[in-house]
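Asks: Could you work out the structure for the sequence below:
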Amino acid sequence: MRGLFLAAGLAAVVALAGGFAAADDKTYDLRGPAPTKGQVFVSKMTLKIKDADTTLKVMGMNLKLKMTMNVQGEEEQKVLTVDGRNVTKSQSKIVKERAEITTDFGGMNQAMTQPTELEGEVVISERVGDKWKHSLVDTKPTDKQKKELDNRNGIENEDDLYPAEKVKVGHTWKVEAKALTKLFGNSFTDIKGELSQKFAKVETVEGEECAVVESEGSVKGKMKDDDGKPSLDVEMDLKVKSWRSIKTGVELKGTFEGKIKLAGKQKIDEQPVDITLAGPLSGESSTRLK
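Replies: Got it, this is the predicted structure:
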């Protein structure tokens with residue numbers, strides 16, 4: 001009888017080991033399925049720069065201060081037309097798009113909240129060649145709105161971020177930083193650098209099996225001013241983590257953190273200002289299929 005129990009126990013161990021081996025050998029498609037007409041995505045994001053050391057040179061004066069910026073966004077995007085794996089036309093309802101800025105200048109604190117000119121609007125985006133053309137629904141944009149429309153992105157294909165073939169947990173690869181259009185948006189240009197990425201594990205988020213992808217690297221580029229012209233040099237050291245639905249290919253959750261440096265010229269109340277800024281950067285995002 002003892003021998004039977006021992007044999008059964010060994011059989012169970014072998015079966016369990018076989019199960020682990022099978023799990024280890026499992027491969028996943030990280031790109032996921034192509035987008036389809038009629039899909040609706042609800043996305044939220046926050047980006048924060050906290051207590052950044054900031055210097056403003058204006059009219060012969062050097063002003064040193066601490067700056068905290070909290071950017072918030074919420075959109076509902078509907079896919080209108082698709083060509084293969086690329087969205088070619090979409091509609092976006094901009095629920096929230098604003099920045100909260102707090103400055104500390106010698107113990108004097110000042111706070112302001114500034115919505116963008118597009119908050120509350122509905123935007124139609126259409127791909128023309130390799131660029132996007134944006135317009136407002138049923139209304140003509142103001143000059144300020146037109147500038148913001150010109151700096152928008154559309155729903156971009158993210159295939160360049162992920163391997164074309166199915167891969168196992170633990171797989172590593174590298175991508176060019178310019179592939180991170182979703183994170184940087186169209187307000188950045190001349191993006192250079194490389195990110196190291198790893199398929200770290202599989203986790204469940206709100207009942208969906210997700211591939212957890214970790215990314216790390218340094219990025220350089222130019223930030224555009226209100227007129228869409230590159231005016232600030234940007235350097236970022238980033239760590240990014242995303243939870244990507246294996247079933248839908250939607251990034252259900254994402255986080256990032258790191259450091260940012262800015263240097264260049266900007267206009268404040270039509271006055272040219274030399275600005276430098278350095279501080280910690282963090283943020284998070286979420287997307288759901290409606």
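
Asks: how about the top strand by length along the chain as CSV, C-alpha atoms only?
Replies: Assignment by DSSP state E gives strand 61-83 as the longest strand of the chain. Only the C-alpha atoms of strand 61-83 are listed here, as CSV (Å, rounded to 0.1, in the frame of the first residue of the first chain):
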residue,chain,number,x,y,z
MET,A,61,16.8,88.5,-14.8
ASN,A,62,17.4,85.0,-13.6
LEU,A,63,14.4,83.6,-11.7
LYS,A,64,14.9,80.3,-9.9
LEU,A,65,11.8,78.4,-8.7
LYS,A,66,10.3,75.0,-8.1
MET,A,67,7.6,73.9,-10.5
THR,A,68,5.0,71.1,-10.3
MET,A,69,2.9,70.2,-13.3
ASN,A,70,0.0,67.7,-13.4
VAL,A,71,-1.4,66.9,-16.8
GLN,A,72,-4.8,65.1,-17.1
GLY,A,73,-6.5,63.7,-20.1
GLU,A,74,-9.6,61.6,-20.8
GLU,A,75,-10.9,60.7,-24.3
GLU,A,76,-13.5,58.5,-25.9
GLN,A,77,-12.3,57.4,-29.3
LYS,A,78,-14.3,55.6,-32.0
VAL,A,79,-12.7,53.7,-35.0
LEU,A,80,-14.5,54.8,-38.2
THR,A,81,-12.4,53.2,-40.9
VAL,A,82,-9.5,50.7,-41.0
ASP,A,83,-6.9,49.7,-43.5
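
Asks: so what strands line up beside that strand?
Replies: Using DSSP bridges, the strands paired with strand 61-83 are strand 40-58 (antiparallel), strand 86-105 (antiparallel).

Asks: Give me the buried positions along it.
Replies: 65-75, 77-80, 82 (16 or more other CB atoms under 10 Å). For every residue, glycine as well, the C-beta is placed using N, CA and C.

Asks: Stretch 25-35 too?
Replies: Quick answer for stretch 25-35 (16+ other CB under 10 Å): 28, 30-32, 35.

Asks: try stretch 100-112
Replies: Counting neighbours by 16+ other CB under 10 Å, stretch 100-112 gives 102-103 as buried.

Asks: any idea of the mean pLDDT for it?
Replies: When pLDDT is averaged along stretch 100-112, the result is 90.

Asks: ok, now stretch 235-250?
Replies: 95.

Asks: go on, stretch 142-154?
Replies: On average, stretch 142-154 scores 90.

Asks: okay, now Gln114: neighbour count?
Replies: Gln114 has 10 neighbours, counted by other CB atoms under 10 Å.

Asks: what's the answer for the one 5 residues further on, then?
Replies: With neighbours defined by other CB under 10 Å, the count for Glu119 comes to 16.

Asks: which non-adjacent residue is nearest it?
Replies: Glu97 (4.6 Å; CB to CB, 6 or more residues apart in numbering).

Asks: quick one, what contacts that neighbour?
Replies: 72-75, 115-116, 118-119 (CB atoms under 8 Å, 6 or more residues apart in numbering).

Asks: then stretch 200-219 to CSV, C-alphas only?
Replies: Coordinates of each C-alpha in stretch 200-219 appear next as CSV, following Å, rounded to 0.1, in the frame of the first residue of the first chain:
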residue,chain,number,x,y,z
ALA,A,200,8.1,39.9,-17.8
LYS,A,201,5.1,37.8,-17.0
VAL,A,202,1.4,37.2,-17.5
GLU,A,203,-1.1,38.7,-15.0
THR,A,204,-4.9,39.1,-14.9
VAL,A,205,-6.3,42.6,-14.9
GLU,A,206,-10.1,42.9,-14.4
GLY,A,207,-10.6,39.4,-15.5
GLU,A,208,-8.4,39.7,-18.7
GLU,A,209,-5.2,37.8,-19.2
CYS,A,210,-2.5,40.4,-19.8
ALA,A,211,1.1,40.4,-21.0
VAL,A,212,3.2,42.5,-18.6
VAL,A,213,5.9,44.3,-20.7
GLU,A,214,8.7,46.3,-19.0
SER,A,215,10.7,48.9,-20.9
GLU,A,216,13.7,51.0,-19.9
GLY,A,217,15.9,53.5,-21.7
SER,A,218,17.0,57.1,-22.4
VAL,A,219,15.3,59.3,-24.9
